[in-house]
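Asker: coords please:
(chains A, B, C, D, E and F)
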Protein chains: 6
Amino acid sequence: MKLSARSRLKGKIVEGKKGTTTAHGKIDIGGQIVTAAIPNESVDELKLAAGQSAYAVVKDSDVMVGVD
Amino acid sequence: MKLSARSRLKGKIVEGKKGTTTAHGKIDIGGQIVTAAIPNESVDELKLAAGQSAYAVVKDSDVMVGVD
Amino acid sequence: MKLSARSRLKGKIVEGKKGTTTAHGKIDIGGQIVTAAIPNESVDELKLAAGQSAYAVVKDSDVMVGVD
Amino acid sequence: MKLSARSRLKGKIVEGKKGTTTAHGKIDIGGQIVTAAIPNESVDELKLAAGQSAYAVVKDSDVMVGVD
Amino acid sequence: MKLSARSRLKGKIVEGKKGTTTAHGKIDIGGQIVTAAIPNESVDELKLAAGQSAYAVVKDSDVMVGVD
Amino acid sequence: MKLSARSRLKGKIVEGKKGTTTAHGKIDIGGQIVTAAIPNESVDELKLAAGQSAYAVVKDSDVMVGVD
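Answerer: Numbering: from 1, shown residues only, chains lettered A, B, ... in the order given. This next block holds a predicted model:
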């Protein structure tokens, strides 16, 4: 499926932890870390695991901009 | 201010366009593009402009994970 | 790409309007209407138009529950 | 209360599971499933339970559009 | 309708501006300002106008916490 | 870091509970309560605790408007 969310950052899953319902994971994007909170069931459906290639996908309106 | 949102990806603003109320911009994160939709007024407050260093900041629960 | 967002409701685009940067559209899901605010550029990339089949895709943490 | 979020899809709760803090549930919308992640406390406040009628409510900017 | 989103801050609309599709407004919550980006059509539906009482409503997972 | 998210409401943390991965907390904003769902790890990083001053920070597009 092609999606209206345009930020799709390719990286590698470096860490993951399931909670009772919500899993937290980290994706390394060229040396920078994106952290994601997704349902446990999505981890199972997509067979996500550390070491695997994956995309961090974000909707445009969910990206904030910061400056030092 | 230190923030609970943990994904803070450093990059460079490569494009920006103001709308009537909402601005759209692109940040290059090590060769991958993050697109952001933020208020025009935030562009003014932060003096954002193409060529400038900036962070794409995203809440953990706003990151989806995708696999090919 | 397979995605961690699990709500994917199939329907038909019944209305769309581009703004200066942000487009608004309506998708009919079996007689109920979902309204979406997405970037103009996504409308162009996905060649979205009224009359077309499309999915409304929503992250689990973006769904609220309401009762009468 | 009347709300600016315009997508209010009427359906029936078909499944629910509380976590330690976050509950996950499924609402059947005319045969299609919406999954929601909401606070345990909201489940208690609204007395949500499987079998009950409920609305899946989503903000316009939280709806993505996908095409095959 | 009762809603799973628990932050409902009562205040007064102090400013509003419609864009082509998206309106931006400010609500004064006891002397602090919340800014909202909502569809123009919601402004019309709810007949929102400066000077009016209104609630800023936010989903739990959309609230970040910051410290100095 | 200065951020494009403009709603920053100063208050005091009045309650907090960690889950397995996701923590829920309440911030008192001049007598009104904002509830937040953030990662456990952010609670640790920011050393958040009841009784402490903190900001509830919200992106403009995550604020809904409600009227009675």
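Asker: okay, CA-based contacts and neighbour counts for the rest of this
Answerer: Noted.
Asker: how many neighbours does residue A:20 have?
Answerer: As a burial measure, residue A:20 scores 18 neighbours (other Cα atoms under 10 Å in any protein chain shown).
Asker: Now do it against chain C, distance only.
Answerer: 15 Å (Cα to the nearest Cα, to the nearest Å).
Asker: wouldn't that residue be in contact with residue D:20 here?
Answerer: Yes - with contact defined as Cα atoms under 8 Å, residue A:20 counts as touching residue D:20 (6.4 Å).
Asker: residues shared between the contacts of the two?
Answerer: residue F:20 (Cα atoms under 8 Å, 6 or more residues apart in numbering or on different chains).
Asker: Enumerate the residues of chain A near chain B.
Answerer: Counting by Cα under 8 Å from any Cα of the partner chain, the residues of chain A lying close to chain B are A:6-10, A:30, A:32-38, A:46, A:53-68.
Asker: one more time with 6 Å
Answerer: When proximity is defined by Cα under 6 Å from any Cα of the partner chain, chain A lies next to chain B at A:7, A:34-37, A:54-58, A:60-61, A:63-67.
Asker: Tell me where the longest strand sits in chain A.
Answerer: The single longest strand within chain A, with elements called by DSSP state E, is strand A:7-18.
Asker: That one pairs with which strands, parallel or anti?
Answerer: strand A:22-29 (antiparallel), strand A:53-58 (antiparallel) (DSSP bridges).
Asker: Phi and psi next, for residue A:45.
Answerer: When quoted as degrees, to the nearest 10, the phi and psi of residue A:45 stand at phi -60, psi -40.
Asker: if I look at it, how far off is residue E:7?
Answerer: 32 Å (Cα to Cα, to the nearest Å).
Asker: returning to that earlier point: can you add mean neighbour count and give the strands paired with strand A:7-18 back as CSV?
Answerer: Converted to CSV, those look like this (neighbours: other Cα atoms under 10 Å in any protein chain shown):
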stretch, mean neighbour count
strand A:22-29, 23
strand A:53-58, 23
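Asker: Serialize those strands to TSV and add fields for mean pLDDT.
Answerer: Putting the strands paired with strand A:7-18 into TSV (pLDDT from 0 to 100) gives the following:
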stretch	mean pLDDT
strand A:22-29	98
strand A:53-58	98
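Asker: now those strands as TSV including distance to residue D:24?
Answerer: Listed next are these as TSV, based on distance: least, Cα to Cα, whole Å:
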stretch	distance to residue D:24
strand A:22-29	9
strand A:53-58	21
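Asker: Nearest to residue F:14 among these would be which one?
Answerer: Among the strands paired with strand A:7-18, strand A:22-29 comes nearest to residue F:14, with 24.1 Å by Cα to Cα.
Asker: Give me the contacts around that closest one.
Answerer: By Cα atoms under 6 Å, 6 or more residues apart in numbering or on different chains, the residues outside strand A:22-29 that reach it are A:11-17, A:33-40.
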